[in-house]
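**Q** Using only what follows, build the 3D model:
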Amino acid sequence: MTASWIVFIGWATKAVLLLLVGLSVWSFAIIFDRKKSFQALSTEDFDSIRDGLKKGAASSSNSGGFFSKLVELFKSQAGGENAVRDRFEAHLSESRLELSKGLPVLATLGSNAPFIGLFGTVLGIIQSFGTLSSNTSGGMNDVIASLAEALTATAVGLFVAIPAVVAYNVYSQKIRVLAQKSEIIRDLYLAQRASGK
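**A** Below is the predicted model:
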């Protein structure tokens, strides 16, 4: 392997590391943005709204929380059960779209960052063997340094992937729970309306 190829592969390995660092920054920016979005979403009113609807209370809590706003949405417009269900589906779809921003990116980074790191590792190992073959004086320090750099790429790839996968799973579960709780409120509201309370 010629010296120019060894140098090129060395730069390619560094480029992979820089790419992984950039992806890590992007991943954490999405994670913190989603954290702020979920913290701003007040869902503490679920128990009070659910209990009120079970008891047949006609009014919702004035907490300004997500589920209180959901009941107010149901009450704000006339219509039968189908109209309530349609408004509910539209509201829930809009909420899901807002809350799931960036989650596909986290899923993609979680599944692909290790492969990008592995690619950097393979390039680094190729560079190490090229250095070893062209270095007849037995300079093992250069080879060991490039091997360490190569393995760093895999570690950084895992550092990008693991938090992205964890955050994706946590936020996806929160969206599923929000949807299930919303369906409970909708069904209780419709049952209350049907009973004429």
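**Q** other SSEs contacting the longest helix along the chain?
**A** Taking DSSP state H as the criterion, the chain has its longest helix at helix 140-195. Helix 140-195 sits against helix 3-40, helix 46-54, helix 66-76, helix 81-99, helix 103-134, with contacts defined as 3 or more Cβ pairs under 8 Å, 6 or more residues apart in numbering; DSSP states H and E. C-beta: built from backbone N, CA, C; applies to glycine.
**Q** Please tabulate the ones you listed in JSON lines, including the columns mean neighbour count, mean pLDDT and distance to Ile185.
**A** Converted to JSON lines, those look like this (neighbours: other Cβ atoms under 10 Å; pLDDT from 0 to 100; distance: least, Cβ to Cβ, whole Å):
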{"stretch": "helix 3-40", "mean neighbour count": "16", "mean pLDDT": "86", "distance to Ile185": "18"}
{"stretch": "helix 46-54", "mean neighbour count": "17", "mean pLDDT": "83", "distance to Ile185": "6"}
{"stretch": "helix 66-76", "mean neighbour count": "19", "mean pLDDT": "80", "distance to Ile185": "5"}
{"stretch": "helix 81-99", "mean neighbour count": "14", "mean pLDDT": "85", "distance to Ile185": "9"}
{"stretch": "helix 103-134", "mean neighbour count": "19", "mean pLDDT": "88", "distance to Ile185": "24"}
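**Q** Gln192: which of those is closest?
**A** Gln192 lies closest to helix 46-54 among these, at 5.5 Å (Cβ to Cβ).
**Q** Distance check, Leu147 against Asn82.
**A** 66 Å (Cβ to Cβ, to the nearest Å).
**Q** same check, this time on Leu109
**A** Distance from Leu109 to Asn82, by Cβ to Cβ: 41 Å.
**Q** go on, Arg186?
**A** Applying Cβ to Cβ to Arg186 and Asn82 gives a distance of 12 Å.
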